[in-house]
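> sequence? don't have it. structure:
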């Protein structure tokens, strides 16, 4: 017979003994209930549950532990945010008792009632006060000993926003930098934080001269001032980890940068061209999945390609000879999807375009402006990189948008030249003068080169792109030449 069956028989016999006691002619005496020495056959088994061995273990570990403490320690409330998976013993972890004493409740209830003993003396135990109690207040920042009720706070809007409270002065800071090899050559990717929105804007700096530890080149290096600044309580390894180094980082070369290491002398703009800069707005559809509704993916690749082109200049020692220096400039990558309306509205605008509306009308129908982008953060990033600001060399801006030029000049950026950004398919059609029936350009095998986006060094083409570009020229004033015959465009 198993132990389990034996226990069931004992429980049944105990039940019968209890039934006989309750139905006996005379009630049992106290001695019969308690049992006497040598007469334990008259004793009755206790009817409450056996003591849980886990309770005994808790008592031995924690000292003074009641059943209530046991239930809260081993089975915390489901509503407790710290008790996720509390009923799953595999996820339970013991906690330091000292840390438990320091824990502060998220919501602290402040009672308006006096202790019961005091209310009984005053004869007001059953009376209710006429003051309406305040709701539970958040007491995260209040000491436990002196929590006072505060007026209810105004509920914040449920609509999420990426903009922070406006501040008196725009502040940008480069928090990280790293080298990234690309098909067009190495670039330095800078990540920026700011106090105007919650977006992480980027700067793609093309300046191969930075790979040389000796910065005495013909042109000054393009470096971030906030990145090279000394941050509080940081070590040299901290500086190197966030990208504040000079030269080529390797196991054998680890040289932290120093504040003010940038050169202040300006190169001769008649000899060395000013850096080529592109302000590029994020475009998921064009850059990631190769959408041909726009030329954004092509523009990003073309901008990095043009900036990376070597520059031929007269030799400083012998003007009759020429030397070649690496291309230099930057692409400021702004997280302004869909000309500032966001990816959701952009997708909806695409559906409106399929219904026959152009890109400007689609934005207006959705309650947006034709262009909601801003360039204050882009201007601050350029100044941090030492491009176009006061006392530094100007920039050559790669753009077709006159509004972008005006906005950057309003931010104090000095633009010495505008470099047009002509779509590759339009360049090909204008230069080769292909016939009207050739609408789709098929790349030959030797033309299939890789670029930095889904499009690569290829070109965007098609009816959707032509309609999009014509709208930007005719309705948004972009400075892009149009052929007189639509079929040739």
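Arrived safely. Everything numeric here is computed off the predicted structure, so don't read it as measured data.
> Number of residues surrounding the nearest residue to residue 200 once chain neighbours are set aside?
Spatial nearest neighbour of residue 200, chain neighbours left out: residue 191 (5.7 Å); criterion: C-beta to C-beta, 6 or more residues apart in numbering. Every residue, glycine included, has its C-beta placed from N, CA and C. Residues contacting residue 191 under the criterion other C-beta atoms under 10 Å number 18.
> Return the residues in contact with residue 191.
174, 175, 176, 177, 200, 201, 202 (C-beta atoms under 8 Å, 6 or more residues apart in numbering).
> Kindly state the pLDDT recorded for it?
Residue-level confidence at residue 191 comes out at 97, pLDDT.
> thinking again about what came up before, of the contacts of residue 191, which is the nearest to residue 383?
residue 174 (11.8 Å; C-beta to C-beta).
> Can you tell me the SS state at the closest one?
Following DSSP: H, G, I helix; E, B strand; the rest coil, we place residue 174 in the strand state.
> Might you report the residue contacts of residue 238?
Applying C-beta under 8 Å, 6+ apart, we find residue 238 in contact with residue 231.
> Surely it forms part of a helix?
Yes. Applying three-state DSSP, one finds residue 238 inside a helix.
> If any of the contacts of residue 191 are buried, give me the PyMOL selection for them.
Buried residues within the contacts of residue 191, by 16 or more other C-beta atoms under 10 Å, are selected in PyMOL with:
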select buried, resi 174+175+177+201+202
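> Closest to residue 364 out of the contacts of residue 191?
The closest of the contacts of residue 191, once distances to residue 364 are taken by C-beta to C-beta, is residue 201, at 26.7 Å.
> rewinding a little: mind putting the contacts of residue 191 into CSV with distance to residue 224?
Formatted as CSV, those follow (distance: C-beta to C-beta, whole Å):
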residue, distance to residue 224
174, 4
175, 10
176, 10
177, 7
200, 14
201, 13
202, 12
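> re the thing from before, now the residue nearest to residue 200, which residues is it bridged with?
Residue 191 forms beta bridges with residue 176, residue 202, as assigned by DSSP bridges.
> Quick check: the gap between it and residue 227.
10 Å (C-beta to C-beta, to the nearest Å).
> Mind listing the shared neighbours of the two?
Joint contacts of residue 191 and residue 227 (C-beta under 8 Å, 6+ apart) are 174, 175, 177.
> any idea where the strands of this protein begin and end?
107-108, 137-138, 172-182, 185-194, 201-206, 245-250, 253-256, 276-281, 311-314, 322-325, 329-334, 395-398, 415-419 (DSSP state E).
> Now tell me which helix or strand of the protein has the poorest mean pLDDT.
Confidence across the helices and strands of the chain bottoms out at strand 137-138, with a mean of 44, counting by mean pLDDT, DSSP states H and E.
> rank the strands of the chain by mean pLDDT and give me the bottom one.
strand 137-138 (a mean of 44).
> sorry, back to before: and the contacts of residue 191, which is closest to residue 338?
Taking the contacts of residue 191 together and measuring to residue 338 by C-beta to C-beta, the closest member is residue 201, at 16.0 Å.
> Excluding chain neighbours, what is closest to that closest one?
Nearest to residue 201 is residue 192, by C-beta to C-beta, 6+ apart, at 4.9 Å.
> how far away is the one you found from residue 419?
Residue 192 is 24 Å from residue 419, by C-beta to C-beta.
> Mind checking which of those two has more residues around it?
More neighbours surround residue 192 than the other of residue 192 and residue 419, with 25 against 14 (other C-beta under 10 Å).
> wouldn't that one be in contact with residue 174 here?
Yes. Counting by C-beta atoms under 8 Å, residue 174 is a contact partner of residue 192 at 5.4 Å.
> Overlap of the contact sets of the two?
Joint contacts of residue 192 and residue 174 (C-beta under 8 Å, 6+ apart) are 203, 384.
> In contact with residue 229, which residues are there?
residue 259.
> since we're on the residue nearest to residue 330 when sequence neighbours are not counted, how many residues are nearby?
Closest residue to residue 330 apart from its sequence neighbours, by C-beta to C-beta, 6+ apart: residue 205 at 4.7 Å. A count of nearby residues for residue 205, using other C-beta under 10 Å, gives 25.
> any idea how far residue 205 lies from residue 371?
26 Å.
> So for residue 118, what pLDDT did the model give?
For residue 118, the model assigns a pLDDT of 70.
> End to end on stretch 350-361, go ahead and measure it.
With C-alpha to C-alpha, to the nearest Å as the measure, the first residue of stretch 350-361 is 11 Å from its last.
> what pLDDT, on average, does stretch 467-478 get?
So the average pLDDT for stretch 467-478 ends up being 90.
> just use 17 as the starting number from now, easier for me
In the new numbering, first residue 17, that becomes stretch 483-494.
> In the stretch 17-166 of the chain, where is pLDDT below threshold?
Low-confidence segments of the stretch 17-166 of the chain (pLDDT under 70): 17-24, 27, 46-133, 135-166.
> Pull the contacting residues for the closest residue to residue 293 other than its chain neighbours.
Of all residues not flanking residue 293 in the chain, residue 411 sits nearest, at 4.4 Å (C-beta to C-beta, 6+ apart). Residues near residue 411 by C-beta under 8 Å, 6+ apart: 290, 291, 292, 293, 345, 398, 403, 404, 429, 430, 431, 432.
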